[in-house]
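# The following block contains a protein sequence and its predicted model.
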Amino acid sequence: MLTERLIDGARSAGFSMALAEPEQRTSIVMIRHDDPSGAVRHLAEHDVIVDYRPGFVRVSPHFYNTEDEVDRFFAHFDEFLKR
């Protein structure tokens, strides 16, 4: 459910993602970004812990995450993009 919320939110915001087909998908969502390490640092400053790979911010919600945390990711990610 959280992964779908993340994917839907990223699509709504116009982000490009690298995704497997739904039947092969894990909880990992890779969102394309020009400065993934900068985005990860910014998010960490706001207690949003994600990782990056070259060209992508890697978000991996788990069973202990909440919908509010997914929403907080987007709020702070958007804040970073507007800097």
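That came in fine, so what should we check first?
# From here on, just use CA atoms for contacts and neighbour counts.
Fine.
# What pLDDT is listed against Val57?
On the pLDDT scale, Val57 is placed at 97.
# what do you get for the one 10 residues further on?
At Glu67, the pLDDT value in this model is 96.
# same question, Leu19
At Leu19, pLDDT is 88.
# report the longest helix in this protein, please.
Using DSSP state H to define each element, the chain has its longest helix at helix 67-81.
# Contacts for that helix next, please.
Leu2, Arg5, Leu6, Gly9, Ala39, His42, Leu43, His46, Val48, Pro61 (CA atoms under 8 Å, 6 or more residues apart in numbering).
# Can you point out the buried residues in that helix?
Within helix 67-81, the residues that count as buried by 16 or more other CA atoms under 10 Å are Val70, Arg72, Phe73, Phe74, His76, Phe77.
# What of stretch 10-23?
So for stretch 10-23, counting by 16+ other CA under 10 Å, buried means Ala10, Met17.
# switch to numbering from 755
Fine by me, first position is 755 from now on; the one you just mentioned is stretch 764-777.
# residue boundaries of the helices in this protein?
Ranges of helices in the chain, per DSSP H, are 756-766, 790-799, 821-835.
# The longest one to helix 790-799, inter-axis angle?
Computed by axes from the mean of the first three to the mean of the last three CA atoms, to 10 degrees, the angle separating helix 821-835 from helix 790-799 equals 130 degrees.
# Quick one: residues contacting Leu797.
Ile803, Val804, Phe827, His830, Phe831.
# Format those residues as TSV; extra columns: pLDDT.
TSV is the format used below for the contacts of Leu797 (pLDDT from 0 to 100):
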residue	pLDDT
Ile803	96
Val804	97
Phe827	96
His830	95
Phe831	95
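# Now flag whichever of these is closest to Arg779.
Among the contacts of Leu797, Val804 lies closest to Arg779 (CA to CA), at 18.1 Å.
# Burial check on that closest one, number of neighbours?
17 (other CA atoms under 10 Å).
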